[in-house]
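Peer 1: Fold the following and give me the result.
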Amino acid sequence: MKKYTHAWLAFMAIKRLQETKLSTTNRKYANNLIRWFKNHKDGVTQGAWYPDSVIKDMANSHVLKLTPSDESPNRFKLLPITYLNYQYGKCSPLRNKSFTVEKDDNLPDRCESIAHSVIDNLKMQESENKGSPVSPTDNQIALLLFMLSHYVADAHMPFHCDSRRFSEGKNIHAYIEGKWDNMIRRYYKIDKGNERFFYDPDGYPLRNPGIEQEYQLSFLKSVDEELHKRKFILSWGARNNNVWDFMSAICQYSYLLSHRFIPEQFNHTNVTLTNWQSLGSISFKDFSVAIFSDAIDSIARVWFRVWRRYLKWERKQRAEK
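Peer 2: Predicted coordinates:
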C-alpha cells in the first residue's frame, strides 16, 4: 500500500474505536488512546510511511508469502467472524489444501515485536523521572505505533501473502495500490506542503466537498457502510492468543483472497492491465472493500489491545505504590 493509504487507514482505525460500542471499562481505555492519537496525528503520514521510506525491509518484513502445496493439509487459523476476508476465505478450495511459507518472510514477527516495543517504551517512560535522558519521548512512541499500523495493513494486501510475482510483468501489485492511493487523494483534501491531510472538525481527514456525489459511489463509501453495520470484536479470533497468531491468520486469509481474485492458473506472465478485473470470482470493488474494512478493524484491534495492556500495567503500578 502507498503513503496516503497507510495514513488514511490509521485515521479510520481511530475513528472506528471512537464510534464503536464498547463496555464502560474498554471505552475508558479506547478514549485514552484516541486522545493520545489526536495529540500526535500530524505525524501519522510520515510515521506510517517510515517502513517504506527509511527502514525498507519490504522483501521480508512486509510479507508472508504462501504457495499451494501437495503435502498434508495445513490447519488454517480462524479470524473474527465479521471479517469479509474470513468469509471469502472459507469458500476457497485452497483452504482445504496445504501451503508452504517462504522461509525468510516474517511479517507476523515484525508486528509482534513492534507491539512489544510500544508497550516497553510506554513502561520505560512511566518509570523514568521527568527529563531522564533514557526515557522515550511521546514522538518516539507515536512513530512505533504508526509503524505498527503499516505492517498490520500490509498483511491485508493479498499480494503480500501470495508467492506469485505480481510485482513483475505488468506490476499489477503497484498498479492496484496506486489506484487506491489516487482515490484517497481525490476524495480527501491533502496539505501538500506538509504532506498530511487537512482535518474535519473532529480531527479526521477532510473529504473534498466538491466531489461528494462521486464519493458516494466509491468503494471508500462502501467501506464506511460495511464498518457501520459490522460489530467490532476485540478478540483475536478463536485459538489466537496474541498479535503473532492474529497476523498469521490475516496472512493466511489474504493468501486465499488473492486466489479468489486472481485464480491459481494466472501469474505475472498472463495477468494484464486489461484482464485483471475479470479473472476471479469476486469484483475489484468487493476485493477492495474486504481489504480496507478488515485492515481498519485490525489496526484498531491491535492498537487498542496494546494500549489496554499498557494501561492495565500502569494502573497496577500505581495501586502498588
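Peer 1: show me the contacts for the closest residue to W8 other than its chain neighbours.
Peer 2: Distances taken as Cβ to Cβ, 6 or more residues apart in numbering put I184 closest to W8, at 5.0 Å, once the chain neighbours are dropped. C-betas here are computed from N, CA, C, even on glycine. I184 is in contact with Y4, T5, W8, L220, counting by Cβ atoms under 8 Å, 6 or more residues apart in numbering.
Peer 1: in the host helix or strand of I184, what's buried?
Peer 2: Per DSSP states H and E, I184 falls inside helix 172-187. Of all the residues in helix 172-187, those buried under the rule 16 or more other Cβ atoms under 10 Å are I172, H173, I176, E177, W180, D181, M183, I184, R185, Y187.
Peer 1: ok, now stretch 288-308?
Peer 2: Neighbour counts using 16+ other Cβ under 10 Å place 288-308 of stretch 288-308 among the buried residues.
Peer 1: those strands in the stretch 101-250 of the chain, which residues are they?
Peer 2: Ranges of strands within the stretch 101-250 of the chain are 190-191, 196-197, based on DSSP state E, counting those that start in this stretch.
Peer 1: Can you name every helix or strand that the last one contacts?
Peer 2: Just to be clear, that refers to strand 196-197. Where contact means 3 or more Cβ pairs under 8 Å, 6 or more residues apart in numbering; DSSP states H and E, strand 196-197 is packed against helix 3-19, helix 44-50, strand 190-191.
Peer 1: helices or strands up against the last one?
Peer 2: For strand 190-191, the contact count by 3+ Cβ pairs under 8 Å, 6+ apart identifies strand 196-197 as packing neighbours.
Peer 1: Same check on the second one?
Peer 2: Helix 44-50 sits against helix 3-19, helix 138-154, strand 196-197, with contacts defined as 3+ Cβ pairs under 8 Å, 6+ apart.
Peer 1: can you rerun that using 6 Å?
Peer 2: helix 3-19, helix 138-154 (3 or more Cβ pairs under 6 Å, 6 or more residues apart in numbering; DSSP states H and E).
Peer 1: Let's have the ones you listed in CSV, adding mean neighbour count and mean pLDDT.
Peer 2: Listed next are the helices and strands packed on helix 44-50 as CSV, based on neighbours: other Cβ atoms under 10 Å; pLDDT from 0 to 100:
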stretch, mean neighbour count, mean pLDDT
helix 3-19, 23, 97
helix 138-154, 23, 96
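Peer 1: For P68, which of these is the nearest?
Peer 2: Closest approach to P68 among those (Cβ to Cβ): helix 138-154, 21.6 Å.
Peer 1: Appreciated, that's everything.
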